[in-house]
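S.K.: Just to be clear, the model below is a prediction. Sequence and coordinates:
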Amino acid sequence: MSVEVIKPGLLSSLQDAGRRGYAQLGLGRAGAVDEPARRLANALVGNHGDEAALEITLAGPTLRFQHDAVLALTGGLIEARVEGQTLPAWTSCFVPAGSVLRLGGMRHGCRSYLAVRGGFEIVPLLGSRSSDLHAGIGGALRSGDLIGIGEHAAARWFQPGREWQALRWGLDPRPWLDYARAPLGLMRGHHFDALDEASQQALFAQRFMLSKDSNRTGSRLEGTPLRLRQPLELISEATLPGTLQLPPSGQPIALMAEAPVTGGYPRIGQLAAADMPRLAQRRPGDTVSFREISLDEALQRLAERKSSLQRLLQRIEQRLESA
Amino acid sequence: MSFALSEVQLEALAEDAWLLRFADVIEWSVNERVQLAAAALQANLSNVECVPAYASVLLRFEPAQWLGDDGRFSAERLRAAIADACNERAASERAARVVRIPVCYDGIDLPAIAAHTQMSVEQVIARHSNAEYRVAMLGFAPGFPYLLGLDPALATPRLSQPRILVPAGSVAIGGLQTGIYPQDLPGGWQLLGRTPMRLFDVTAPSPSLLQPGDQVRFHAIEPAEFQRLASEADAGR
């Protein structure tokens, strides 16, 4: 069973929860930048494990399903059509063999996730199916690619037929998509105090713009340049996704899933982990602003998000099974 | 050998990551303690990821694994576990591995390095291949080793305009550091030569030729030997 890539779209790659345990060898985790969206997409097709989903950036691919398939789209609200009709997002859909799924632009957000029942089957490398474009692992979809779909039992909530189908219910994307583009939680970083006073205030007061040079390695922010009191000579240390670095240009970079694992730029902040998916859903040209948050509050919000995601995943499973 | 938590500055980097900073310098003795600490923490704490750098160790953990009685993350519990781990004997008191790396010293920047260091090309090669190095950390790209031990007389500044593509296997000097490009990458270090060895292979169970803490020795080979070893390495892929 497989999916054929007819048109690749702007940038789509397979991502799971990421590759752990190789940072000391210079290899980061990669993985989905909007992890809750990836997990919810998998849950909506009845996948239980850590199946890879297709992470689609801004403009989606055109795919032909060679066999009957059950799929779900979450994350950014993407235009999706099958046989000229709009396929609903944030729910479970059935498409018959031969269907062509045309994914277009996004009405909201920057990254959509397409999950298929059975998961996309590619050989895991170092324990993960995630592409890491920065490290040269896997890669973006290309025309003509054939991606396998894993073995799976038929979905009990669909009667296979010749027409596509969707469940009568779906998820409300609002808790997971950031329509208001509210300020993102940012903790002070080790070198925050090295910023001059105006820059310390500007970091939390100004509206940055997300640069078009942003990618899975870093979200580049443009605004009034931030300045250090005096230049710092730093030795390289480990860095993390969510670290806000300040290169000499004064335009900060928030590191993303494929960031190098070490770096020598001043670390002026750390994005709250619960807000990483919100940053990942901003698109070039969108504004980004920050509000100061304590580590305790960041931990609290992360724990809350984890339990609400867990509750939702369970409810989806129960509802699909009772269908 | 163990280390005391009191000699370390602990910094919470993120919800799931702390940095243990030993110093702010690039020194052999500091990095030696870093390597021991990273090994001790990795061996004695479950479900953590340790990333040694020149003078610090990153500890990534699962916050939900370190809850206090109130059900919230307890920094005290994690700190106590780190202190205990430090007191355990490091598993890696094994003698450091020695990895020998053949280098064909025909790099495009060799004349510039010789001119900058006021040595002959032969002297540059001799000094570079006679030294003993240690992998202080891997970073920048998978398998890229930052090596300690460069003869200070060989220090050469980075290029003012980095190259768009430095070929895989290039052995290079950037300031007081020396390293090897594991794959074709952009880079601004000055190129001494190239090794036919493959530094990172994502399909191998142990993907990196070098591990933090490894000792490294370079030895000079002729272009013909480079070609022979390179085709052997290709055949092994």
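M.R.: Arrived safely, thanks for sending. As the structure is a computational prediction, the values presented were derived from the model and not from experiment.

S.K.: Can you pull the phi and psi angles for the residue lying closest to residue A:184 once chain neighbours are set aside?
M.R.: Spatial nearest neighbour of residue A:184, excluding adjacent residues (CB to CB, 6 or more residues apart in numbering or on different chains): residue A:275 at 4.3 Å. All C-beta spots, glycine's among them, are computed from the backbone N, C-alpha and C. Torsion angles at residue A:275 (phi, psi; degrees, to the nearest 10) stand at phi -100, psi 0.

S.K.: Please give the element, helix or strand, for residue A:103.
M.R.: If you go by DSSP states H and E, residue A:103 is part of strand A:100-116.

S.K.: Please put the alpha-carbon coordinates of that strand into CSV.
M.R.: As requested, the backbone C-alpha atoms of strand A:100-116 are provided in CSV (Å, rounded to 0.1, in the frame of the first residue of the first chain):
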residue,chain,number,x,y,z
VAL,A,100,-6.2,12.2,-5.6
LEU,A,101,-5.9,14.5,-2.6
ARG,A,102,-5.0,18.1,-3.7
LEU,A,103,-3.7,20.1,-0.8
GLY,A,104,-3.4,23.8,-1.5
GLY,A,105,-2.7,26.9,0.5
MET,A,106,-3.4,27.6,4.2
ARG,A,107,-6.1,29.8,5.4
HIS,A,108,-4.5,30.0,8.8
GLY,A,109,-1.2,28.7,10.2
CYS,A,110,2.0,27.6,8.6
ARG,A,111,2.2,23.8,9.1
SER,A,112,-0.5,21.1,8.5
TYR,A,113,-0.1,17.5,9.4
LEU,A,114,-1.5,14.6,7.3
ALA,A,115,-1.7,11.3,9.1
VAL,A,116,-2.8,8.0,7.5
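
S.K.: Whichever helix or strand comes after that strand: partners in the sheet, and parallel or antiparallel?
M.R.: Proceeding N to C from strand A:100-116, the next assigned helix or strand is strand A:120-121, under DSSP H and E. If you go by DSSP bridges, strand A:120-121 pairs up with strand A:146-149 (antiparallel).

S.K.: In the partner strand, which residues are buried?
M.R.: A:147, A:149 (16 or more other CB atoms under 10 Å in any protein chain shown).

S.K.: Please work out the average pLDDT along that strand.
M.R.: Average pLDDT, strand A:146-149: 96.

S.K.: What's the local residue count around residue A:165?
M.R.: By other CB atoms under 10 Å in any protein chain shown, the residues close to residue A:165 number 16.

S.K.: Show me what the residue of chain A found nearest chain B is bridged to.
M.R.: For chain A, the residue closest to chain B is residue A:262, as judged by CB to the nearest CB, at 3.0 Å. Note on residue A:262: beta-bridge partners by DSSP bridges are residue A:238.

S.K.: And the one 5 residues further on, by the same measure?
M.R.: Beta-bridge partners for residue A:267, by DSSP bridges, are residue A:245.

S.K.: same thing with residue B:175?
M.R.: Counting by DSSP bridges, residue B:175 forms beta bridges with residue B:156.

S.K.: Quickly list the domain ranges of chain B.
M.R.: The record's domain parsing of chain B by automatic domain parsing lists B:5-87, B:98-235.

S.K.: Can you read off the pLDDT for the residue of chain A closest to chain B?
M.R.: On the pLDDT scale, residue A:262 gets 92.

S.K.: Likewise for residue A:164?
M.R.: At residue A:164, pLDDT is 96.

S.K.: Look up phi and psi at it.
M.R.: Residue torsions, per degrees, to the nearest 10, at residue A:164 are phi -70, psi 160.

S.K.: ok, back up a step: against residue B:185, how distant is the residue nearest to residue A:184?
M.R.: Using CB to CB, to the nearest Å, one obtains 31 Å as the distance from residue A:275 to residue B:185.

S.K.: For those two, indicate the residue with more neighbours.
M.R.: Per other CB under 10 Å, whichever of residue A:275 and residue B:185 has more neighbours is residue A:275, with 23 against 18.

S.K.: In this structure the more buried one contacts residue A:183, no?
M.R.: No - when contacts are counted by CB atoms under 8 Å, residue A:275 is not listed as touching residue A:183 (9.0 Å).

S.K.: element containing residue B:19, please.
M.R.: Using DSSP H and E, residue B:19 falls in strand B:17-21.

S.K.: now what about that strand, what contacts it?
M.R.: A:190, A:237-238, A:240, B:8-13, B:37, B:55-61, B:78, B:82 (CB atoms under 8 Å, 6 or more residues apart in numbering or on different chains).

S.K.: can we see that at 7 Å?
M.R.: Here strand B:17-21 makes contact (CB atoms under 7 Å, 6 or more residues apart in numbering or on different chains) with A:237-238, A:240, B:8-13, B:37, B:55-60.

S.K.: Moving C-terminal from that strand, which element do we reach first?
M.R.: Next element after strand B:17-21 (DSSP H and E): helix B:28-44.

S.K.: Please save the CA atoms from that next one in CSV.
M.R.: C-alpha atoms of helix B:28-44 as CSV (Å, rounded to 0.1, in the frame of the first residue of the first chain):
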residue,chain,number,x,y,z
TRP,B,28,42.0,20.6,28.5
SER,B,29,41.6,20.2,32.2
VAL,B,30,38.2,21.7,32.3
ASN,B,31,37.0,19.6,29.4
GLU,B,32,38.3,16.5,31.1
ARG,B,33,36.0,17.1,34.1
VAL,B,34,33.2,17.9,31.7
GLN,B,35,33.6,14.5,30.0
LEU,B,36,33.7,12.7,33.4
ALA,B,37,30.6,14.5,34.6
ALA,B,38,28.7,13.7,31.4
ALA,B,39,29.6,10.0,31.6
ALA,B,40,28.6,9.9,35.3
LEU,B,41,25.3,11.5,34.7
GLN,B,42,24.5,9.4,31.7
ALA,B,43,25.4,6.2,33.6
ASN,B,44,23.6,7.0,36.8
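
S.K.: helices and strands around that helix, which ones?
M.R.: strand B:49-52, strand B:56-60, helix B:75-87 (3 or more CB pairs under 7 Å, 6 or more residues apart in numbering or on different chains; DSSP states H and E).

S.K.: show me where the chain has helices.
M.R.: As the question left the chain open, I've gone with chain A. A:35-44, A:197-205, A:276-280, A:295-321 (DSSP state H).

S.K.: I was after chain B.
M.R.: Using DSSP H, helices in chain B cover B:28-44, B:75-87, B:110-117, B:121-130, B:223-235.

S.K.: Mean neighbour count and mean pLDDT added to those, as a markdown table?
M.R.: Supplementary listing: these in a markdown table, determined by neighbours: other CB atoms under 10 Å in any protein chain shown; pLDDT from 0 to 100:
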| stretch | mean neighbour count | mean pLDDT |
| --- | --- | --- |
| helix B:28-44 | 20 | 92 |
| helix B:75-87 | 16 | 90 |
| helix B:110-117 | 16 | 96 |
| helix B:121-130 | 17 | 96 |
| helix B:223-235 | 13 | 90 |
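
S.K.: Nothing else from me, thank you.
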